[in-house]
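Chemist: Show me the folded form of this:
(chains A and B)
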Amino acid sequence: MSTYKLVVSTPDGSVFDDEATTLIVRGTEGELAVMAGHIPFITAVKPGKCKIVLADENEKTATIGGGILTVQGDKTTLLCSDFQWN
Amino acid sequence: MSGNTKTLKLRIKSVDSTLHLTKAMGLVASSKMRKANLAMAAGRQYEAAVQNVVDLLTASPDCQSSPFMREFKDGGKTRLIVIAGDRGLAGGYNANVFRTVRDFGEAEIIPIGKRACERYGQKIVSSEKFYAADAFKLAKELCEQFAAGEFDRLGIVTTNYISMMTQTPDIKWVLPLTKGQNVKNTAAVFEPDERTILDIAVPEYLSGVIVACVRESFASEVAARRMAMDSAGKNAQQMIDELQLEYNRARQGAITQEITEIVAGAGN
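Modeler: Numbers count the residues shown, from 1 in each chain, chains lettered A, B, ... in the order given. Purely as a prediction, here's the structure:
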């Protein structure tokens, strides 16, 4: 599956900066998944679970404390004040 | 003569203990430096990322009516977050920050760092142990008060870390937001809409800036202390050398005098 660059940034530095195939978070309007080739998009993210599918199909889950998701061209950034891997 | 050598010896001893102290403080500062630099880099990166989002949002026409975008007019209330150190003995670090604040006599002040809290007489908040969660709480409060019109301008008095040798005090105006410059029209989709996201993004942005500023100030403080301790150590060493020379001369003089006295006594 094609991948895209995903950066998860917190005030204590970036906790994830790698290629990913899918990112699943809870947006204000419900759950959403970002895959490669997504249109430019900005939304607020609610506190809850977050799932990242890596390039090798492995999954990683984390708990996030709300933030902002931006998809700009080939780079996707998830900004959150709190991020904890499960 | 022996009284003179004794006082000299005492002075050498006291300067020597000062030298030890400055050396120890310099070492502590250097060991903190690396960690402070890493934290500063992380904070800066986050700040840049949030700044990017806020620029995108403020450039959109829908956000112009947001309370966070209202223009500052002369005579409005100013609030300042003043970031100083927890400790002294850092050269002019704290003094430079307070000098910058002095230009805004009428401003309300939110101090961070023990020295600033003591000066402005408020509850002690450490600048070394200031975490992202504290910043977020503060940012949320400030955003609510700003939206309610309790103040019209928010600045952060911080110290820019330029290099190990140079740090300059600076004031950063964060609220009201300025319209994003050099924003390419990305035609991004906003969900649910720009205003809602801006309202959520502003506290996030503010806390990002506060955290970045606190960490940069802390790195500056540590660097300033290292420099100050270095030069204090050098001065102490120089002083010891001078006193040692004087002491040796006095000792030599005393011995010579004694010999002269003995010889004179034997001659009679």
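Chemist: Could you pull out the strands in the chain for me?
Modeler: Just going to use chain A. A:4-10, A:13-27, A:30-35, A:41-45, A:48-54, A:59-64, A:67-72, A:75-80, A:83-85 (DSSP state E).
Chemist: oops, I was thinking of chain B
Modeler: Counting by DSSP E, the strands of chain B are B:78-83, B:108-112, B:153-161, B:167-175, B:189-191.
Chemist: So what are the sheet partners of the shortest one and their directions?
Modeler: Think strand B:189-191. Strand B:189-191 has the following strand partners under DSSP bridges: strand A:41-45 (parallel).
Chemist: Who are the contact partners of B:V211?
Modeler: For B:V211, the contact set (CB atoms under 8 Å, 6 or more residues apart in numbering or on different chains) comprises A:11, B:43, B:46-47, B:130, B:132, B:135. Yep, even glycine has a C-beta here, placed from its N, CA and C like the rest.
Chemist: Could you rerun that using 10 Å?
Modeler: A:10-12, A:81, B:39, B:42-44, B:46-47, B:130-136, B:139 (CB atoms under 10 Å, 6 or more residues apart in numbering or on different chains).
Chemist: is it possible to export the strands of chain A to TSV including distance to B:I110 and mean pLDDT?
Modeler: Shown next, in TSV, are the strands of chain A (distance: least, CB to CB, whole Å; pLDDT from 0 to 100):
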stretch	distance to B:I110	mean pLDDT
strand A:4-10	23	89
strand A:13-27	26	88
strand A:30-35	37	89
strand A:41-45	26	88
strand A:48-54	32	90
strand A:59-64	28	90
strand A:67-72	24	88
strand A:75-80	24	88
strand A:83-85	27	86
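Chemist: got those as CSV, with distance to B:V222 and mean neighbour count columns?
Modeler: What follows is the strands of chain A, written out as CSV (distance: least, CB to CB, whole Å; neighbours: other CB atoms under 10 Å in any protein chain shown):
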stretch, distance to B:V222, mean neighbour count
strand A:4-10, 23, 21
strand A:13-27, 19, 17
strand A:30-35, 40, 14
strand A:41-45, 35, 21
strand A:48-54, 35, 17
strand A:59-64, 31, 15
strand A:67-72, 30, 22
strand A:75-80, 28, 22
strand A:83-85, 27, 15
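Chemist: The top helix by length along chain B: how far from the chain's middle?
Modeler: Assignment by DSSP state H gives helix B:194-267 as the longest helix of chain B. Distance, stretch centre to chain centre, for helix B:194-267: 17 Å (CA atoms, centre = their mean, to the nearest Å).
Chemist: close enough to count as contact, A:I52 and A:D17?
Modeler: No - assessed by CB atoms under 10 Å, A:I52 is found out of contact with A:D17, at 11.6 Å.
Chemist: tell me, what's touching these two both at once?
Modeler: What both A:I52 and A:D17 touch, as defined by CB under 10 Å, 6+ apart, is the set A:6, A:8.
Chemist: Alongside chain B, which residues does chain A contribute?
Modeler: A:7, A:9-14, A:17, A:27-30, A:32, A:38-46, A:65-73, A:77-82 (CB under 10 Å from any CB of the partner chain).
Chemist: repeat that for 6 Å
Modeler: Within chain A, the residues that sit near chain B (CB under 6 Å from any CB of the partner chain) are A:9, A:11-13, A:28-29, A:39-44, A:68, A:70, A:77, A:79, A:81.
Chemist: and the closest residue to B:K123 other than its chain neighbours, how many residues sit next to it?
Modeler: Closest residue to B:K123 apart from its sequence neighbours, by CB to CB, 6 or more residues apart in numbering or on different chains: B:C117 at 6.6 Å. Residue crowding around B:C117 was assessed by other CB atoms under 10 Å in any protein chain shown; the count is 21.
Chemist: B:R226 too?
Modeler: Neighbour tally, B:R226, other CB under 10 Å: 22.
Chemist: Would you mind confirming that it makes contact with B:V28?
Modeler: No - in terms of CB atoms under 6 Å, B:R226 does not count as a neighbour of B:V28; the distance is 9.1 Å.
Chemist: got the buried residues for the lowest-mean-pLDDT helix or strand in chain B?
Modeler: Least confident helix or strand of chain B, by mean pLDDT, DSSP states H and E, is strand B:189-191 with a mean of 80. Residues of strand B:189-191 classed as buried: B:190-191 (neighbour count, 16 or more other CB atoms under 10 Å in any protein chain shown).
Chemist: Identify the residues contacting that strand?
Modeler: A:29, A:39, A:41-43, B:197 (CB atoms under 6 Å, 6 or more residues apart in numbering or on different chains).
Chemist: who's in contact with residue 77?
Modeler: Since no chain was named, I'll use chain A. By CB under 6 Å, 6+ apart, the neighbours of A:T77 are A:7, A:70, B:49.
Chemist: not what I meant, chain B
Modeler: Applying CB under 6 Å, 6+ apart, we find B:K77 in contact with B:151-152.
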